[in-house]
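Visitor: Next comes the sequence, and after it the predicted model I'd like to discuss.
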Amino acid sequence: MSTTPGGAFPPPPSGPYSTPDPYRTPDPAMPPGPAAAGSGPASRRPMVVTLAVLLMLPAVVTWLIAGIAFFLAMMRTEGDGLGKFLVVVIGAVVLALALLVVLLASLGILIAWRGDGAEGLTVPAGFTFGLFVVVIVTLLVQGKLSYQPTMVTPLVVGGLAGVSLALIKSPPARAWFASRMR
């Protein structure tokens with residue numbers, strides 16, 4: 001039996017699946033705007049996520065510059081015929097891979113910044129850090145690890161990618177991403 005008077009509409013359902021009433025006055029404790037839905041301590045971006053995103057920016061720039069520089073170096077090689085063609089194709093493939101890493105890292109940075117997940121940032125950071133580890137181990141095994149000015153940039157960028165990877169997988173970052181998925 002209904003408790004509403006004849007001809008009146010029943011009150012809207014309450015709970016997590018109810019639709020908001022556009023004619024209801026907002027709660028004065030809740031700030032207006034779209035930020036009100038995600039406000040609170042769980043929605044605040046932790047410093048580790050901000051640092052992880054910022055530490056991946058040098059990797060994006062380095063991959064872009066390195067890909068373009070490698071392709072231009074391959075274009076300037078001497079030779080003719082099939083040899084020159086193969087060298088240019090190798091340069092184009094390396095450029096395409098570098099641009100793919102740039103795209104994945106840029107999208108991962110955006111995804112992590114918005115709080116949609118850490119997976120987008122872990123792939124390019126892991127790839128960059130993995131190359132860093134492989135190169136370091138190879139140089140150590142061959143006994144060729146010595147200071148060269150050209151080695152500074154890859155070492156720093158690889159190290160920053162490793163730190164970014166560790167930060168994005170840290171407990172505060174995982175907790176924040178999990179709270180954003182609810």
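Guide: Good, I have the coordinates. Here the structure is a predicted model, which means the values were calculated and not measured.
Visitor: what helices or strands is the helix or strand hosting residue 107 leaning on?
Guide: Here residue 107, judged by DSSP states H and E, is contained in helix 82-114. Packing partners of helix 82-114 (3 or more C-beta pairs under 8 Å, 6 or more residues apart in numbering; DSSP states H and E): helix 47-75, helix 119-142. Glycine gets a C-beta too; all of them are placed from N, C-alpha and C.
Visitor: so where's the chain uncertain?
Guide: Within the chain, the stretches falling below the threshold (pLDDT under 70) are 1-43, 147.
Visitor: So which of the helices and strands packed on helix 82-114 is nearest residue 87?
Guide: If you check each of the helices and strands packed on helix 82-114 against residue 87 by C-beta to C-beta, helix 47-75 wins as the nearest, at 5.2 Å.
Visitor: now that closest one against helix 119-142, angle please.
Guide: Angle between the axes of helix 47-75 and helix 119-142 is 60 degrees (criterion: axes from the mean of the first three to the mean of the last three C-alpha atoms, to 10 degrees).
Visitor: How far off centre is helix 47-75?
Guide: 12 Å (C-alpha atoms, centre = their mean, to the nearest Å).
Visitor: Just the buried residues of it, please?
Guide: Of the residues in helix 47-75, those with enough neighbours to count as buried (16 or more other C-beta atoms under 10 Å) are 48-49, 51-53, 55-56, 58-60, 62-64, 66-67, 70-71, 74.
Visitor: any idea of the angle it forms with helix 82-114?
Guide: With the same axes, to 10 degrees as the basis, helix 47-75 and helix 82-114 are set at 170 degrees to each other.
Visitor: which secondary structure elements does helix 47-75 contact?
Guide: Other helices and strands packing on helix 47-75, by 3+ C-beta pairs under 8 Å, 6+ apart, are helix 82-114, helix 119-142, helix 152-168, helix 171-181.
Visitor: wait, which of those helices is closest to residue 44?
Guide: Judged by C-beta to C-beta, the one of these that comes nearest to residue 44 is helix 171-181, at 8.0 Å.
Visitor: Does the closest one pack against any helices or strands, and if so which?
Guide: Where contact means 3+ C-beta pairs under 8 Å, 6+ apart, helix 171-181 is packed against helix 47-75.
Visitor: chain center to stretch 106-114, what's the gap?
Guide: Stretch 106-114 has its average C-alpha position 4 Å from the chain's average C-alpha position, going by C-alpha atoms, centre = their mean.
Visitor: now do stretch 156-172
Guide: The mean C-alpha position of stretch 156-172 is separated from the chain mean by 11 Å, C-alpha atoms, centre = their mean.
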